[in-house]
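Chemist: Give me the fold of what follows.
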Amino acid sequence: MGCTQSTQQHEEDLSVTERVMGGRRGIDKSERIHSKSEKEKIAAKRSKALAQAADDKTPPKLNDAGHLVAEEVVKRIMGSVQSKETILGDVKSGNGEDLIHVRYAALSQRGYYPDDPHKENQDDYYICGSKFGAGEGDAFFAVFDGHGDKGHDCARFAKNRLPSILAAKIKKQRAALNAKKIKTMTENKQEKPKNAFHPSSWPYLDAKEYENVCRQAHIQCNNEMHDEKKVKDFLSGTTAISVGFHAGRMTVSNVGDSRAVLGYRVGGVGLEGTPAEEEKKEISSEGDSELVDANGVKYEPGSIIAIPLSDDQTPYRRDERTRLEKAGARIRTIDQLEGRKPLKPIDENVDDFNLGVDIDEEGDMPRVYCQDHNYPGTAFSRSLGDTIAEDIGVNGEPEILTKRVTKGDEILVIASDGVFEFLTNQRMIDICAACDDPLHACTKLLEASYEQWLSYELRTDDITCIVLFLQSGKADDTAEVSRIMNKAQNGPKSPKMKTISFPSTGYLSK
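Modeler: The predicted model follows:
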């Protein structure tokens, strides 16, 4: 992946990370839990540990600058103890090009709020690395970012219910397709294949069918959250960004302002690294390898570029502002709401501000309010939960994008806005590309994000990321990549971002 560090240094970094995280239960162990009783025991232990942590009101140790010392930061991190590997795609075909070799890891760092130092981590994540929804080569990865007083409850509810609902719907849809196939074979007096009723023989869903069950699952999860008495989602909720792998495709579903970003290698040279000059010439001579964005910028073969697979759903977007205002919402910044700025409509040129390319250095983003009340004040235009905001257009219907996984798709990052608040998409992909292991990439993302929070704020938000390194033999479809890149909000804008330096305190990797 073009790692700039020596192998020895990288091994030292990972060994320190492993020592730091050795006491935490991570993905590796959780995926070995199979029985219901084992799951119940783990849940009971976790609840007990959380209760004990909640009772511990010992103030965290701070340095002279008022920031957490490294020891306190490490205590706030949970997640993978090592990277995992899996094989996805059409495992039934027998064709190696239909397989996707994946390595993945995840980390989550609880934020620090000086006025509430013991605030619970409101981020959560879900990983099923294989056989999701009974599909041999299927997987599902998701990040949830809760908000409001009960945001942690909303995020946990979504983590528990959304994957279950989606898996059930996928099974049901595929079983129905299989039943229809067998009925046709019976009517035509054709011999049924061996294990005709086994899930491994069920037909795959096409892209539209898979997107449809994803949409239904999000809406059902949102409705169930409203109905769940133990989850108080009147003024609380959660974002949901997920990537489902099915039939060699990845389908991204987005509700809110968490994000999925693809690291795409131009020319599809694979994980071996940047090609030699001779190879670059060969790649550039192939007509379907040239990648040009909407502004006519050509990308160098072998370079790795950030391609957003989701679009932040916030009032920065003109289409979302229009939809919300039609539903009866007021769109105001806090300065406008408190009279420090004129109460005029948001400047229509605000679309020139592209989250993902630009950094919001002012921090006074437009928010969503009821007409006659100064709430709910959400900085996003869609979410799961937020019952009161639903009446003014803040709903749980996802925006969905599907892409076939091909050779150029090397890195996939799924993360909460704790990562993206002060890191651009390209900077984040560059950080990952400098690592040769997903866990190392997660560690570096947490470090860079945390350091930038300290540069801009007195507090730090919860920071959560899942990093996947992908390897596929499927030929690239440059037209599809260009289509995704050249959506209306993609491409270079007039940047409002500050010049950001990236010092490294290395609290995890030193």
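Chemist: what about the spatially closest residue to residue 324 that is not a sequence neighbour, neighbour count?
Modeler: Excluding its sequence neighbours, the residue lying closest to residue 324 (CB to CB, 6 or more residues apart in numbering) is residue 393, at 4.2 Å. Glycine gets a C-beta too; all of them are placed from N, C-alpha and C. When neighbours are defined as other CB atoms under 10 Å, residue 393 has 19 of them.
Chemist: Look up how far residue 381 lies from residue 393.
Modeler: As judged by CB to CB, to the nearest Å, residue 393 and residue 381 stand 7 Å apart.
Chemist: Give the intersection of the neighbour lists for these two.
Modeler: Any residue near both residue 393 and residue 381 by CB atoms under 8 Å, 6 or more residues apart in numbering counts here, and that gives 323-324, 368.
Chemist: how about the residue nearest to residue 324, what does it touch?
Modeler: 323-324, 326-329, 368, 381.
Chemist: Below-threshold pLDDT in this structure: ranges please.
Modeler: Counting by pLDDT under 70, the chain has low-confidence residues at 1-36, 38-56, 268-290, 292-296, 342-363, 487-510.
Chemist: Which parts of it are helices?
Modeler: Listed in chain order, the helices of the chain (DSSP state H) span 7-21, 27-30, 36-55, 70-75, 151-187, 207-227, 277-284, 318-326, 334-337, 387-390, 417-420, 425-433, 438-456, 478-485.
Chemist: rewinding a little: closest to residue 105 among the contacts of residue 393?
Modeler: For these, the closest approach to residue 105 (CB to CB) belongs to residue 381, at 30.8 Å.
Chemist: from the helices of the chain, which stretch is densest packed?
Modeler: Most buried of the helices of the chain by mean neighbour count (mean count of other CB atoms under 10 Å) is helix 417-420; its value is a mean of 27.
Chemist: How about the most centrally placed residue in the chain: what's its closest non-neighbour residue?
Modeler: Geometric centre of the chain, nearest residue: residue 414, 2.3 Å, by CA atoms, centre = their mean. With sequence-adjacent residues excluded and distances taken as CB to CB, 6+ apart, residue 414 is closest to residue 466, at 4.5 Å.
Chemist: One more: residue 145?
Modeler: Nearest non-adjacent residue to residue 145, counting by CB to CB, 6+ apart: residue 416, 4.0 Å away.
Chemist: Ok, residue 247 next?
Modeler: With CB to CB, 6+ apart as the criterion, residue 247 has its nearest non-adjacent residue at 3.9 Å, and that residue is residue 204.
Chemist: Near the one you found, how many other residues are there?
Modeler: By the criterion of other CB under 10 Å, residue 204 has 19 neighbours.
Chemist: residues in contact with it?
Modeler: Residue 204 is in contact with 90, 135, 174, 246-247, counting by CB under 8 Å, 6+ apart.
Chemist: Most neighbours out of those, which is it?
Modeler: With neighbours taken as other CB under 10 Å, the top of the contacts of residue 204 is residue 246, carrying 28 neighbours.
Chemist: what sits opposite that residue in the beta ladder?
Modeler: residue 249 (DSSP bridges).
Chemist: Centroid-wise, who is the farthest residue in the protein?
Modeler: residue 189 (47.4 Å).
Chemist: any idea how far residue 211 is from it?
Modeler: Distance, residue 189 to residue 211, using CB to CB: 35 Å.
Chemist: can I assume residue 315 is in contact with residue 377?
Modeler: No - if you go by CB atoms under 8 Å, residue 315 and residue 377 don't touch, sitting 11.0 Å apart.
Chemist: So if I had to pick from these two, which one is more boxed in?
Modeler: residue 315 (23 against 15).
Chemist: How about the contacts made by that one?
Modeler: Counting by CB under 8 Å, 6+ apart, residue 315 touches 321, 324, 331, 346, 365-368, 379, 381.
Chemist: switch to 6 Å and redo it
Modeler: Listed by CB atoms under 6 Å, 6 or more residues apart in numbering, the contact set of residue 315 reads 321, 331, 366, 381.
Chemist: And residue 304, by the same measure?
Modeler: Residues near residue 304 by CB under 6 Å, 6+ apart: 263, 265, 433.
Chemist: In space, what's closest to residue 57 - neighbours in sequence excluded?
Modeler: Closest residue in space to residue 57, ignoring its immediate chain neighbours: residue 118 at 6.3 Å, by CB to CB, 6+ apart.
Chemist: What does the one you found show for phi and psi?
Modeler: The phi/psi pair for residue 118 (degrees, to the nearest 10) reads phi -100, psi 20.
Chemist: how close does residue 239 get to residue 406?
Modeler: Using CB to CB, residue 239 is found at 28 Å from residue 406.
Chemist: So which of the two has more stuff around it?
Modeler: A count of neighbours by other CB under 10 Å puts residue 239 above the other of residue 239 and residue 406, at 29 against 21.
Chemist: my guess is residue 178 meets residue 202, correct?
Modeler: Yes - applying CB atoms under 6 Å, one finds residue 178 in contact with residue 202, separated by 4.4 Å.
Chemist: Mind picking the two most distant members of the contacts of residue 204?
Modeler: 90 and 174 (13.8 Å).
Chemist: Any idea what residue 123 is bridged to?
Modeler: Applying DSSP bridges, one finds that residue 123 bridges with residue 145.
Chemist: Assess the claim that it and residue 414 are in contact.
Modeler: No - contact criterion CB under 6 Å: residue 123 and residue 414 do not qualify, at 11.6 Å.
Chemist: Now tell me what touches stretch 465-485 from outside.
Modeler: Counting by CB under 6 Å, 6+ apart, 96-97, 100-106, 125, 141, 268, 271, 288, 291, 293, 307, 405-410, 412-415, 419, 432, 438, 441-442, 445 sit against stretch 465-485.
Chemist: Next one: the residue nearest to residue 247 from residue 168, what distance?
Modeler: Residue 204 is 17 Å from residue 168, by CB to CB.
Chemist: Then residue 476?
Modeler: From residue 476 across to residue 168, the span is 34 Å (CB to CB).
Chemist: And residue 265, by the same measure?
Modeler: For residue 265, the distance to residue 168 - CB to CB - is 36 Å.
Chemist: same check, this time on residue 387
Modeler: 25 Å.
Chemist: For residue 326, which non-adjacent residue is closest in space?
Modeler: Among residues not flanking residue 326 along the chain, residue 393 sits closest, at 7.3 Å (CB to CB, 6+ apart).
Chemist: picking up where we left off before, ok, the contacts of residue 204 vs residue 459, which is closest?
Modeler: Distance to residue 459 across the contacts of residue 204 (CB to CB) is lowest for residue 246, with 38.9 Å.
Chemist: doesn't residue 211 make contact with the closest one?
Modeler: No - applying CB under 6 Å, one finds residue 246 not in contact with residue 211, separated by 10.2 Å.
Chemist: Sweet, I'm off.
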